[in-house]
Structures are given as structure tokens and as C-alpha cells.
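A.B. asks: Build me a structure from this.
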Amino acid sequence: MSVPRHWLLWLGVAFAAVLLWWRLKPKAVDVETVVVTAGPLRETIDEDGETRVHDRYLVAAPVAGRLSRVGLRAGDSVTQGALVAWLQPVPLDSRLRQQAAAQVDAAEDALQTTEAQLLGAETVLEQAVRGRIRAESLAVQGHLPPAQREEAEVLETTRRRELEVARARARTAAHEVERARAGLLGASESGGPVQGRTSIHAPVAGRVLRILEESERVVPAGTPLV
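C.D. replies: Residues are numbered from 1 along each chain as shown. Have a look, this model is predicted:
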């Protein structure tokens, strides 16, 4: 018995529809399932950090002489006044002695400048303290917004930090004067006896960033060491 042609046509259309539906139907998405449990949530961020030094201090040779080997290493922590190295002065001729005297004068001038800056920082801090006290009083009475009170407190904190920096600079300048005077008094004219050795100390507490002169050798005055 022969199959009618229109049946074959409808059968082909149905097959094409089923095939089209099969091709276009959404595909299942693979998912990963876990059992939910209660517990602490910890989130971490791993990034490379960059350290910026706020204040740098360069320790230099106050006089020309033979430098002892520096025992410090990069990364070491030092306290204020810690021994950095020894310097054995060499005899000075007239020209070098004049240069050493000029270094003393320059160090004393720098000390006077830092002392003036220190005095100014103390005065500015006193003003900031008075402003903070006045702001707190007005804020309690309701005559000053909280934001302005916070500004006065931040200003006082900033002025205290500036005073600390000024004190550190004044101490450094005082050490430089001592070194310059020691260099001038510790060496005689060329051919005369040399009096003792000069100790080089850290001007402030901090961390060593770099050793510029590691080996023992003769260095001129002003040579950067640490």
C-alpha cells in the first residue's frame, strides 16, 4: 500500500520542527553546589606596597681622615646617638684648616637657623592649642559646628608634628656643629701630632636605608657615609 504524498510532507515538516526545537532549546548550565554553613568571613587583598620615608638624614664625615669599617647594614635600626663609625683625623695644611674653620661657621649658622625655626614652630603650636580650646568651648555651647571643631583638632595635631620635625632638625644641626668643631680641634697643622679619633653618631633614631661607604679608607670631609 502506498503512503499518501501529503502525509510525507507533513511528516517532513514535523521532523524539521522537532530538529529546529532541539537545536534552539536552552542548554543546561553546569553549576557547582556546596552546603551553606555559618562562620566568619575573611577577605584579604594582596598587593605590592611602597614605603616612603618622611624624613631622611645623611650622615657625612665631619673631617678628612681614615674611616673605620662601618658595621651597620641596610635595614638595621639605630637609636639616636648610636655609634656609626670612627674617623681618624689626618694632619691638615693651612688651606684645609681654613676649610674646616669655614665648615664650623656654616654649621653654626645652620644651627641658628634651625633654632629660629624651632622657636617659630613652638609659637605656632601654642596658637593652635589655644584655637582648639576655644573651638571646644564654642562647640559645647552650640555656637560652632562639629566640623570646625575637628579642623581645630587636626590643626593642633599637624602643628605638633611640625614641632617634632623642627626639634629633630635642631638636634641634627647641633650634632653637625659638634662634629665640625671636633674636626677642627682634632687635627693640627701638617706635620704635627693628630689628637685622637672622632666618633660619628646617628643624629636621630631610625632605620638605615643605605651604606654609602662600607670599607675602611681615607675620605675627605663631607663624604656621605650612611
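A.B. asks: which other helices and strands contact the longest helix anywhere in the chain?
C.D. replies: Ordering each helix of the chain by length in residues (DSSP state H) puts helix 94-140 first. On a contact count with 3 or more C-beta pairs under 8 Å, 6 or more residues apart in numbering; DSSP states H and E, helix 94-140 meets helix 146-185. For the C-beta atoms, the positions are set from N, CA and C on the backbone; glycine is no exception.
A.B. asks: mind checking how far Gly65 is from Thr37?
C.D. replies: Going from Gly65 to Thr37 by C-beta to C-beta, to the nearest Å gives 71 Å.
A.B. asks: The two: which is more packed in?
C.D. replies: For Gly65 versus Thr37, neighbours defined as other C-beta atoms under 10 Å are more numerous around Gly65 (25 against 5).
A.B. asks: Give me the spatial nearest neighbour of His201, chain neighbours excluded.
C.D. replies: Closest residue in space to His201, ignoring its immediate chain neighbours: Gly81 at 5.1 Å, by C-beta to C-beta, 6 or more residues apart in numbering.
A.B. asks: One more: Val104?
C.D. replies: Nearest to Val104 is Ala180, by C-beta to C-beta, 6+ apart, at 4.3 Å.
A.B. asks: The one you found contacts Asp109, doesn't it?
C.D. replies: No: counting by C-beta atoms under 8 Å, Ala180 stays clear of Asp109, with 11.0 Å between them.
A.B. asks: give me the low-pLDDT residue ranges for the protein?
C.D. replies: When residues are selected by pLDDT under 70, those of the chain lie in 1-6, 8, 50-54, 63-64, 89-94, 96, 183-197.
A.B. asks: for the chain, longest strand please?
C.D. replies: Criterion DSSP state E: the longest strand present in the chain is strand 83-89.
A.B. asks: Would you mind giving the orientation angle of that one with respect to helix 94-140?
C.D. replies: Relative orientation of strand 83-89 and helix 94-140, computed by axes from the mean of the first three to the mean of the last three C-alpha atoms, to 10 degrees: 150 degrees.
A.B. asks: Strand 83-89 pairs with which strands?
C.D. replies: Strand 83-89 sits in its sheet next to strand 65-67 (antiparallel), strand 198-201 (antiparallel), going by DSSP bridges.
A.B. asks: after the last one, next one along is what?
C.D. replies: When you say that, I think you mean strand 198-201. Tracing the chain past strand 198-201, the next element assigned as helix or strand by DSSP states H and E is strand 206-207.
A.B. asks: still on that earlier bit, tabulate the strands paired with strand 83-89 (CSV), appending distance to Ala221.
C.D. replies: CSV is the format used below for the strands paired with strand 83-89 (distance: least, C-beta to C-beta, whole Å):
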stretch, distance to Ala221
strand 65-67, 8
strand 198-201, 11
